[in-house]
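> generate coordinates for the sequence data below:
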Amino acid sequence: MAVIYRVNMTDLSVRSEAPGPGYLETGGRGLTSALIAAEVRPTCHPLSPENKLVIAPGVLTGTGAPCSGRLSVGAKSPLTGTIKESNSGGMGAIAMATLGIRAIILEGKPADRGLYRLIVNTEGIQIEPADELAGLGNYETVGRQYEEFGDKVSCLSIGQAGEMGAAAASIAVTDVEGRPTRHCGRGGLGAVMGSKGVKVIVIDPRGGHRPKPADVEAFKRGAQKFQEILKGHPLTGEGLPTYGTNALANVINQAGAYPTRNFSQGQFEGTEAISGEHQHDVILERGGEIAHACHRGCTIKCSRIYVDENGQYVTKGPEYETIWAHGADCGIDDLDAIARMDRLDDDFGLDTIETGATIGVAMEAGIIPFGDAEGAIGLLEEVGRGTPLGRLVASGAEVLGKAYGVSRIPTVKGQSMPAYDPRAVQGIGVTYATSTMGADHTAGYSIAANVLGVGGTVDPLKPEGQVELSRNLQIATASIDASGLCLFVAFAVLDKPEAMDAICDMFSGLLGREFTADDYLALGKATLAREREFNRAAGFTAADDRLPDFFKTEKLAPHGATFTVSDEELDTVYNFVGE
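I've put the predicted structure just below:
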């Protein structure tokens, strides 16, 4: 029996309800955005009792569908002021699905400013005081939960950044080993969780049952076909398991799109030292692990376990975006230093993209010089201590940049850009500018066609075709986010039409009715339409769907490129809304 739990943190009560008719065949981002759009006043303050935090597994999560363990968390973002969905792997989503939970909605705000933990199991949700966890990082917080509840639980938690209401605060989700290494990072949703007084959510799936497809055999056929396609594709079957997401470093650097020293250059001379290939060799030499799954049922296994010179665990990955943000964007080419920063980000509960970009802006401001790895680590430690400078770092690149009078601040709607310069990859610039989420590469990953030649080819340096590319990818991505599938399955879907057939077969088997590609894309269109309307009501206009001016005026080496997609073209991205 599917259930939605409403946890009222004002009166510390819990209420369960069956999903309404409009929520029965959606999940993940589709459900979080639908609930936020329906129930949250768009102009409310993100840290007020009026905002809500919605946590939802995807439609396919827990069914045994390959790579379907993604978790969506939604709210009005304290970083962007827009509606927000932040997405993570780890075991939390599968644990929720095993208990039949379609969503947990955190409402209100405790009057006593105390901290609480939620215990989620087959009996429902219990709210317990947790002031003893105040000021702890994610590693110690979840470590205490595992000591008490055993190794079968999963945890969602916040670190010091979430407690202080920092706009770059993340929500940690524990991985297969019970470590808080997977993060709903973007948009500061950890601050929203902190504003609700919730330090940790412990999910105990024991005694629960995985969702059962209406047509088990049809579902199995689709899942088997999908798994074979993923294993047979060169990226999802070989490249990502072997070299992880950081396989992109050399590729993007060669394309002249690797943002360096706060987006002042498109290539970094130290790329090889922080590349996926070098990272792979270091991990194996030290006895770490490659081809690591962040949740059970992942066949891509793009994660890895990074260890120090003595073979001791340091952190997961680190992933491509994290290595870029703390590496090339800061002029740092030391993998060990970057791994230490990743560990600190995870412990304090910080979005690694936002935080690395903020350190890059701090270097631009002259707080520390570019290339100063120890200085960068010192800035992160300021966050853990809660100093004024640490709070600025945890507030994101735009806030820190404005405080220090920096003119080159690479943000859209207040959110930092990830590891692709939009001057050298024009399609990703369209996505950054127009996404409902602020600058976000995952919202419409044009790198596939612009650089990798996946799903066709669109010249990355020319404006032609970029709007259509971004539009189609934004729709498809919103559908993937609703399904609970990992975004990386899109590589196989874009190249092999039968992959989409397999996804539809899984949906059909699960729901017990015919489910077509049009139905699948309708999930994405409906989600984007709701998000656009929320943002419009919150006060966002076409003027907010723009890149910072320096991308139009400062030429990027080595191509001498600027961003040339016109404002008029950007304004047509969402012309499908209202169809």
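
> so residue 520 touches residue 504, yeah?
Yes. If you go by CB atoms under 8 Å, residue 520 and residue 504 touch, sitting 6.2 Å apart. Placement of C-beta: from N, CA and C, glycine included.

> shared neighbours, these two?
Shared between the contact lists of residue 520 and residue 504 (criterion: CB atoms under 8 Å, 6 or more residues apart in numbering) there are no residues.

> look up how far residue 177 lies from residue 293.
Distance of residue 293 to residue 177, given as CB to CB, to the nearest Å: 11 Å.

> tally of neighbours for the residue nearest to residue 276 when sequence neighbours are not counted?
The spatial neighbour of residue 276 that comes closest, neighbours along the chain excluded (CB to CB, 6 or more residues apart in numbering), is residue 246 at 3.5 Å. Residue 246 is surrounded by 28 other residues when neighbours are defined as other CB atoms under 10 Å.

> need phi/psi at residue 246.
Dihedral pair for residue 246: phi -70, psi 0, per degrees, to the nearest 10.

> do the same with the one 4 residues further on
According to degrees, to the nearest 10, the main-chain angles of residue 250 amount to phi -60, psi -40.

> need the pLDDT of it.
The model reports residue 250 with a pLDDT of 97.

> is it fair to say residue 10 lies in a strand?
No. With DSSP: H, G, I helix; E, B strand; the rest coil as the criterion, residue 10 is located in coil rather than a strand.

> I'd guessed it sits against residue 111; true?
Yes. Residue 10 lies in contact with residue 111 (CB under 8 Å); the separation is 7.0 Å.

> please name the nearest non-neighbouring residue to residue 446.
residue 427 (2.8 Å).

> can you check residue 491 too?
For residue 491, the nearest residue in space outside its immediate sequence neighbours is residue 235; the separation is 4.5 Å by CB to CB, 6+ apart.

> list the contacts of that neighbour.
452, 454, 488, 491-492.

> can you check residue 319 too?
The neighbourhood of residue 319, defined by CB under 8 Å, 6+ apart, consists of 244-246, 303, 352.

> CA atoms of stretch 278-292 as CSV?
The C-alpha coordinates for stretch 278-292 follow below in CSV (Å, rounded to 0.1, in the frame of the first residue of the first chain):
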residue,chain,number,x,y,z
HIS,A,278,45.4,9.2,-13.4
GLN,A,279,42.8,8.9,-10.6
HIS,A,280,42.2,5.3,-11.8
ASP,A,281,45.8,4.4,-11.5
VAL,A,282,46.3,6.0,-8.1
ILE,A,283,43.3,4.2,-6.7
LEU,A,284,44.4,0.8,-7.9
GLU,A,285,48.0,1.4,-6.8
ARG,A,286,46.9,2.2,-3.3
GLY,A,287,44.3,-0.6,-3.0
GLY,A,288,41.2,1.5,-3.4
GLU,A,289,38.2,0.4,-5.4
ILE,A,290,37.0,1.3,-8.9
ALA,A,291,33.6,0.2,-10.5
HIS,A,292,31.8,0.8,-7.1
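
> quick one: contacts of that stretch?
Surrounding stretch 278-292, the residues in contact under the criterion CB under 8 Å, 6+ apart are 241-244, 246, 272, 301, 303-309, 311, 316, 323, 335.

> what helix or strand is the residue nearest to residue 446 on?
When elements are defined using DSSP states H and E, residue 427 is found to belong to helix 426-434.

> ditto for residue 4
For residue 4, the element it lies in under DSSP H and E is strand 3-8.

> give the buried residues for that strand.
Of the residues in strand 3-8, those buried by neighbour count under the rule 16 or more other CB atoms under 10 Å are 4-8.

> the helix or strand following it vs strand 3-8, what angle?
Toward the C-terminal end, the helix or strand that comes next after strand 3-8 (DSSP H and E) is strand 13-17. In this structure, strand 13-17 runs at an angle of 160 degrees to strand 3-8, with axes from the mean of the first three to the mean of the last three CA atoms, to 10 degrees as the basis.

> off-centre distance for strand 13-17?
Once both centres are worked out by CA atoms, centre = their mean, to the nearest Å, strand 13-17 turns out to sit 28 Å from its chain's centre.

> likewise stretch 154-163?
Averaging C-alpha coordinates over stretch 154-163 and over its chain gives two centres that are 15 Å apart (CA atoms, centre = their mean).

> begin at 36, not 1, for the rest of this chat.
Sounds good: first residue 36 from here, last item stretch 189-198.

> isn't residue 472 right up against residue 224?
No. Counting by CB under 8 Å, residue 472 sits too far from residue 224 to count as a contact (11.3 Å).

> now the common contact residues for the two.
112, 119.

> look at the two and report which has more neighbours.
When residue 472 is set against residue 224 and neighbours are counted by other CB under 10 Å, the residue ahead is residue 224, at 31 against 26.

> how near is that one to residue 535?
With the distance defined as CB to CB, residue 224 ends up 30 Å from residue 535.

> kindly report the same for residue 179.
44 Å.

> same check on residue 314?
Counting by CB to CB, the gap between residue 314 and residue 535 amounts to 32 Å.

> ok, the residue nearest to residue 97 when sequence neighbours are not counted - contacts?
On the basis of CB to CB, 6+ apart, the spatially nearest residue to residue 97 that is not a chain neighbour turns out to be residue 132, at 2.8 Å. Residue 132 makes contacts with 92, 96-98, 245-246, as judged by CB under 8 Å, 6+ apart.

> buried members of the residues you listed into PyMOL, please.
Here the buried members of the contacts of residue 132 are turned into a PyMOL selection, burial being counted by 16+ other CB under 10 Å:
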select buried, resi 92+96+97+98+246
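
> where in the protein is pLDDT low?
Counting by pLDDT under 70, the low-confidence segments of the chain come to 613-614.

> so it: which segments form each domain?
The record's domain split for the chain, according to automatic domain parsing, is 38-238, 281-456.

> any chance of these in TSV with distance to residue 573 as columns?
Putting the domains of the chain into TSV (distance: least, CB to CB, whole Å) gives the following:
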stretch	distance to residue 573
domain 38-238	4
domain 281-456	10
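
> indicate which one of those is closest to residue 548.
When those are ranked by distance to residue 548, counting by CB to CB, first place goes to domain 38-238 at 9.1 Å.

> one step back: filter the contacts of residue 354 to the buried ones?
If you count burial by 16+ other CB under 10 Å, the buried members of those come out as 279-281, 338, 387.

> and those as JSON lines, adding distance to residue 494 and secondary structure?
Below are the buried ones among the contacts of residue 354 laid out as JSON lines (distance: CB to CB, whole Å; DSSP: H, G, I helix; E, B strand; the rest coil):
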{"residue": "279", "distance to residue 494": "28", "secondary structure": "coil"}
{"residue": "280", "distance to residue 494": "24", "secondary structure": "helix"}
{"residue": "281", "distance to residue 494": "25", "secondary structure": "helix"}
{"residue": "338", "distance to residue 494": "33", "secondary structure": "strand"}
{"residue": "387", "distance to residue 494": "31", "secondary structure": "helix"}
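
> which one of those residues is nearest residue 137?
Each of these was scored against residue 137 by CB to CB, and residue 338 proved nearest at 26.7 Å.

> hmm, residue 355 and that closest one touching each other?
No. Taking contacts as CB under 8 Å, residue 338 lies outside contact range of residue 355: 11.5 Å.

> overlap of the contact sets of those two?
With the criterion set as CB under 8 Å, 6+ apart, the overlap between the contacts of residue 338 and residue 355 is residue 279.

> residue 524: what's it in contact with?
101-102, 261, 265, 271, 335, 515, 534.

> go on, residue 470?
Contacts were defined as CB under 8 Å, 6+ apart; by that measure residue 470 touches 447, 478-479, 509.

> so which residues of the stretch 486-614 of the chain form strands?
For the stretch 486-614 of the chain, no strands are identified by DSSP state E, counting those that start in this stretch.

> ok, the stretch 236-385 of the chain next?
With strands called from DSSP E, counting those that start in this stretch, the stretch 236-385 of the chain shows them at 324-327, 338-342, 348-351.
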